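Trainee: Got a predicted model here, sequence first, then my questions.
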Amino acid sequence: MRKVCACMSKQRYLLILLLLLLSGLKAQTHLKTEFLGVVSEAKPIWLNRTQVETRQNLGGNFSFDLNSRWDAADHLLGDFPQQKWLTALAEFTYQQPQLLKVCASYRNTLFGSPNSLGLYPNWNSLFEYQRQMEHQSTLLIEDDLPRLDAEAYAIHRNLRVKPIEYIYDFGTDQFIATPLPEQGLDNVYSGISAAYEVLPYLSLGAFTDIKRANFDTDDFYSLNSAGAQADLNYKLSRILRISGSVRWTNRYNENLPPQATNLAQSSIRLQHNLLSNLNGYLSFTNNSCSDARLDTLYLISNLFRAHLQYTFSYDPAQDSYLLAGVKLSTQNDADAYFAEAKSVLLPRWYASAGVRITPDAYNRYSGQLSWNFDPFSDVFFTYRLDDNKNGSPRLHYLGVGSNIYF
Amino acid sequence: MKIILILLLTALLLSVVAIGCKKTTYVEYNIDRNSCNGCGECIRVCPNDAISFDAHHKAVIDQTRCTKCGKCVLACPNSAIY
């Protein structure tokens, strides 16, 4: 099965590259590829990561975007979720300035993992599924009018799976894994929203979203939601901008606990340009919920986030910087601290280093040396250490790669 | 007028935060859309097919399917999930 999946992935990837070439030489394209060796206590793993992004103006008001990402490892290691992974997005956009924008896209994702998952329903342990691929079609219509911000969307997602049913065998007193024919699990999402700018810095709006899942006859995974929103975006001074929003969502699904019927999301963000080359922001987001009677508001999670970046003036390309940030979300154990530095060493040569600390999960240290062979394209040597704290082995990533823009 | 409106909205935000301090056992992960770059790493690691791309190609969590395993939080390269 693994060989078949890998073969399909390669064929589709080659097809995408062919389409890319056929789409014309005037496309703006970014190609990034990395070849990495991942060393741990177990057998080393070889990993290739390739990413293609291209944008083509088709004339008139039409444009075409293609984004593709391919990861392939020679074998599974630890928590690597997929041995092969390919996701490709093709999107056509029509834009009529001062009127509307229409985007139609198709995304194909190939899953290359032998692992079975207890997907649906997750309380039924007698079925497992091997994800094969997913088709996602999306239509988005947005207006481009001065004070009205409205949009409508529809998404169809079809996940192709190979189910495995565990049937109890009375003779052997064991559950026997029985493969079933491939099937598709469908999700349909649709929604509309509209917001009107009542003042130059304040807009008020409403929205509704509907999700249906056809594999679930009792609407266990279907969700209806509707709500209202207020957004503020105000420039307090030449260097300080404040933005914020309050969003209230009423949602109905029998799988959600009653106290989560109403969701209140509020956020506030301060963006500051302290000096011409020093800028940063502070943001705070709160998620709270309540039941249908709105008796009590319960805290779900808070998110505090701060970023500060200093760009060194000695680099004419403005690509040398020092960045530090923090993300605090203690309710969901999702705190993270990170810092990154990049500097030009010699003409065309850059070095960068980074650290990311997530308490109780892992510390990540990375370094990279790159050489720009033209103003935008480079080749690089890269190293990364994932120092896992949860019993997983340390992983050393060492490799070479390139970024090419043409 | 502008200042009053700003203060009102800020007060509303802060009051929601203040009132919402009562703890709940209900866990819900959300995605900071300003930080999500649409790379899909969270979709890749989710064992319940609970994360998908929305119409703007940003990740969104389906709360009806999420089993709160937290794998997406660790996988996100931009620390966008909280």
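Mentor: Received the coordinates, thanks.
Trainee: Now for the closest residue to chain B within the stretch 301-406 of chain A: which residues touch it?
Mentor: Residue nearest to chain B within the stretch 301-406 of chain A: A:S329 (3.6 Å; Cβ to the nearest Cβ). To be clear about C-beta, it is placed using only N, CA and C from the backbone, and glycine gets the same treatment. Contacts for A:S329 (Cβ atoms under 8 Å, 6 or more residues apart in numbering or on different chains) come out as A:S301, A:N302, A:L303, A:F304, A:D335, B:Y82.
Trainee: what do you get for A:P163?
Mentor: Here A:P163 is in contact with A:F127, A:E128, A:Y129, A:P179, A:L180, A:Q183 (criterion: Cβ under 8 Å, 6+ apart).
Trainee: ok, 10 Å please
Mentor: Taking Cβ atoms under 10 Å, 6 or more residues apart in numbering or on different chains as the criterion, A:P163 is in contact with A:116, A:119-120, A:127-130, A:178-183, A:185.
Trainee: Ok, A:N287 next?
Mentor: The contact partners of A:N287, by Cβ under 10 Å, 6+ apart, come to A:247, A:263-267, A:298-303, A:329, A:331-332, B:16, B:20, B:28-30, B:82.
Trainee: Among those residues, name the ones in strands.
Mentor: A:R247, A:L263, A:A264, A:Q265, A:S266, A:S267, A:Y298, A:L299, A:I300, A:S301, A:N302, A:L303 (DSSP state E).
Trainee: contacting residues around the residue nearest the centre of chain B?
Mentor: Taking Cα atoms, centre = their mean, the centroid of chain B lies closest to B:N30, which sits 2.2 Å from it. The neighbours of B:N30, taking Cβ under 10 Å, 6+ apart as the test, are A:263, A:265, A:285, A:287, A:300-301, A:303, A:329, A:332, B:60-61, B:63, B:80-82.
Trainee: Burial check on the nearest residue to A:K84 once chain neighbours are set aside, number of neighbours?
Mentor: Spatial nearest neighbour of A:K84, chain neighbours left out: A:G112 (2.5 Å); criterion: Cβ to Cβ, 6 or more residues apart in numbering or on different chains. Other residues lying near A:G112 total 23 when counted by other Cβ atoms under 10 Å in any protein chain shown.
Trainee: now A:G112: how far from chain B?
Mentor: As judged by Cβ to the nearest Cβ, to the nearest Å, A:G112 and chain B stand 11 Å apart.
Trainee: Can you tell me the centre-most residue of chain A?
Mentor: A:T87 (11.6 Å).
Trainee: re the thing from before, turn the contacts of A:P163 into TSV, including secondary structure, neighbour count and pLDDT.
Mentor: Listed next are these as TSV, based on DSSP: H, G, I helix; E, B strand; the rest coil; neighbours: other Cβ atoms under 10 Å in any protein chain shown; pLDDT from 0 to 100:
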residue	secondary structure	neighbour count	pLDDT
A:S116	coil	16	80
A:L119	coil	22	76
A:Y120	coil	21	70
A:F127	strand	18	86
A:E128	strand	18	88
A:Y129	strand	20	89
A:Q130	strand	20	89
A:T178	strand	11	91
A:P179	strand	11	91
A:L180	coil	12	91
A:P181	coil	6	93
A:E182	coil	11	91
A:Q183	strand	12	88
A:L185	strand	21	88
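Trainee: Within reach of chain B, which of those residues are there?
Mentor: A:L119, A:Y120, A:Y129, A:L185 (Cβ under 10 Å from any Cβ of the partner chain).
Trainee: So the last one is in contact with A:H156, correct?
Mentor: Same thing as A:L185. No - contact criterion Cβ atoms under 10 Å: A:L185 and A:H156 do not qualify, at 11.7 Å.
Trainee: need the contact list for A:R160.
Mentor: Shown in contact with A:R160 (Cβ under 10 Å, 6+ apart): A:110-111, A:129-135, A:182-185.
Trainee: Check which helices and strands the helix or strand encompassing A:D386 sits against.
Mentor: Assigning secondary structure by DSSP states H and E places A:D386 in strand A:378-388. Judged by 3 or more Cβ pairs under 10 Å, 6 or more residues apart in numbering or on different chains; DSSP states H and E, strand A:378-388 is in contact with strand A:28-39, strand A:349-358, strand A:362-372, strand A:395-405.
Trainee: Is chain A within reach of stretch B:70-82?
Mentor: Yes - shown here: stretch B:70-82 in contact with chain A (Cβ under 10 Å from any Cβ) through B:70-82.
Trainee: where does B:C76 fall, phi/psi-wise?
Mentor: Main-chain dihedrals, B:C76, degrees, to the nearest 10: phi -70, psi 120.
Trainee: Could you look up the SS state of the residue nearest to it when sequence neighbours are not counted?
Mentor: In space, and not counting its chain neighbours, B:C76 is closest to B:C42: 5.6 Å by Cβ to Cβ, 6+ apart. Assigned with DSSP: H, G, I helix; E, B strand; the rest coil, B:C42 falls in the helix class.
Trainee: Please consider this matter closed, and thank you.
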